[in-house]
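> I would like the atomic coordinates for the input below:
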Amino acid sequence: MPLFGDLALPAVFQDRGVLLVILALLLLSLFLHLYLLRRVVLLNRRYKQLLGGLREGKSLEEILFTHLDNVQLALEQVGELELEYHKLEQNLKYCIQNLGVVRFNAFPDMGSDLSFAVALLDQGGDGVVLSSLYGRNESRIYAKPVQRGVSTYHLTDEERRAIQKALAKKQ
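Here you go, the predicted model:
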């Protein structure tokens with residue numbers, strides 16, 4: 001008895017095995033078509049997000065131009081900061097960078113090292129050396145200028161050691 005009643009089918013379709021193979025291929029084709037259709041829908045959605053604008057209705061081109069403007073602005077600011085950095089670096093040469101402290105006992109009848117000499121020098125060895133002599137009844141403070149690690153005034157041994165300590169930190 002024919003499979004489809006009175007309908008006359010070609011001889012190839014009369015065999016059930018061939019019909020099952022064709023049916024399996026049709027089902028496989030249908031599943032593959034549905035899978036690819038889903039992928040196309042997902043890709044289309046992503047494409048619309050990318051070109052349709054991610055922020056405030058802007059397109060990809062507008063976003064890229066905005067980004068390029070921001071990058072250019074950042075580069076200009078970096079250039080300005082670099083100039084400011086060089087100015088600060090030049091000014092820093094004249095700031096106190098090297099410090100040397102020597103404590104000593106200025107008077108033999110005093111019990112501790114309450115007197116001191118402090119050298120405050122910049123990068124070039126210029127600055128000042130301060131000496132404080134502490135006594136029971138009085139204290140005295142002296143300031144002597146220093147240029148390139150040398151003073152035109154007479155320096156005590158403690159003042160020279162303070163300058164040497166400060167210059168040693170410079171290296």
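
> pLDDT of the strand or helix carrying Leu43, averaged?
Element membership of Leu43, judged by DSSP states H and E, is helix 16-52. Per-residue pLDDT values over helix 16-52 give a mean of 89.

> helices or strands next to that helix in the packing?
If contacts are counted by 3 or more C-beta pairs under 8 Å, 6 or more residues apart in numbering; DSSP states H and E, helix 16-52 sits against no helix or strand. Heads up, the C-betas are built off the backbone N, CA and C, glycines and all.

> how about it: buried residues?
The neighbour-count check on helix 16-52 (16 or more other C-beta atoms under 10 Å) flags nothing as buried.

> over to stretch 123-137?
Neighbour counts over stretch 123-137 (16+ other C-beta under 10 Å) mark Gly125, Asp126, Gly127, Val129, Leu130, Ser131, Leu133, Tyr134 as buried.

> now pLDDT too, for those residues, in a markdown table please.
Output for the buried residues of stretch 123-137, formatted as a markdown table (pLDDT from 0 to 100):
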| residue | pLDDT |
| --- | --- |
| Gly125 | 89 |
| Asp126 | 93 |
| Gly127 | 94 |
| Val129 | 96 |
| Leu130 | 96 |
| Ser131 | 95 |
| Leu133 | 90 |
| Tyr134 | 86 |
